[in-house]
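Asks: Prediction below, plus the sequence it came from.
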Amino acid sequence: MSEFLSDYHLLGLAIGICTFLIIGLFHPVTIKCEYHFGTSCWWWFLVLGIAGICASIAVNDVLWSSLLGVFSFSSLWTIGEIFEQKKRVDRGWFPRNPKRKN
């Protein structure tokens with residue numbers, strides 16, 4: 001697939017679109033994870049980030065290696081965003097989960 005994209009000079013465009021989608025996916029995931037699990041789920045994103053880095057290094061294909069790298073660093077960035085989301089909830093910008101004890 002990346003050979004086709006590379007031959008038609010679309011590889012950068014495909015990586016850019018997928019990067020946009022991956023980062024866009026992490027925004028609601030951050031909100032939902034903080035709502036349901038609080039900040040205790042940060043280590044999930046650490047594991048995903050480390051696994052993504054290892055997979056990115058192991059994969060030879062440029063497209064998939066790039067996308068795994070974007071996924072892994074988005075996962076690592078989400079660790080900080082989980083704690084920022086908690087602050088946003090404390091300020092009243094987002095709803096607090098009434099079923100979860102704080």
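Replies: Yep, it's here.

Asks: how close does residue 64 get to residue 2?
Replies: Distance, residue 64 to residue 2, by Cβ to Cβ, to the nearest Å: 7 Å. Using the backbone N, CA and C atoms, a C-beta is placed for each residue, glycine as well.

Asks: Over to residue 11?
Replies: Separation of residue 11 from residue 2 (Cβ to Cβ) stands at 6 Å.

Asks: shared neighbours of these two, which are they?
Replies: Common contacts of residue 11 and residue 2, defined by Cβ atoms under 8 Å, 6 or more residues apart in numbering, comprise 62, 63.

Asks: in stretch 48-59, what counts as buried?
Replies: 48, 49, 52, 53, 55, 56 (16 or more other Cβ atoms under 10 Å).

Asks: no no, stretch 17-29
Replies: Buried, per 16+ other Cβ under 10 Å, within stretch 17-29: 18, 19, 22, 26, 29.

Asks: Nearest to residue 77 among the buried residues of stretch 48-59?
Replies: For these, the residue nearest residue 77 by Cβ to Cβ is residue 49; the value is 8.5 Å.

Asks: Which neighbouring elements make contact with the helix or strand hosting that closest one?
Replies: Assigned by DSSP states H and E, residue 49 belongs to helix 42-58. With contacts taken as 3 or more Cβ pairs under 8 Å, 6 or more residues apart in numbering; DSSP states H and E, helix 42-58 sits against helix 62-90.

Asks: Centre of the chain to the helix it packs on, how far?
Replies: 4 Å (Cα atoms, centre = their mean, to the nearest Å).

Asks: so where's this structure shaky on pLDDT?
Replies: 102 (pLDDT under 70).

Asks: Contacts only, for residue 65.
Replies: 56, 57, 59.

Asks: Please determine how far the nearest residue to the second one once chain neighbours are set aside is located from residue 30.
Replies: Pointing back at residue 57 there. Distances taken as Cβ to Cβ, 6 or more residues apart in numbering place residue 65 nearest to residue 57, at 7.8 Å, with adjacent residues excluded. Distance, residue 65 to residue 30, using Cβ to Cβ: 25 Å.
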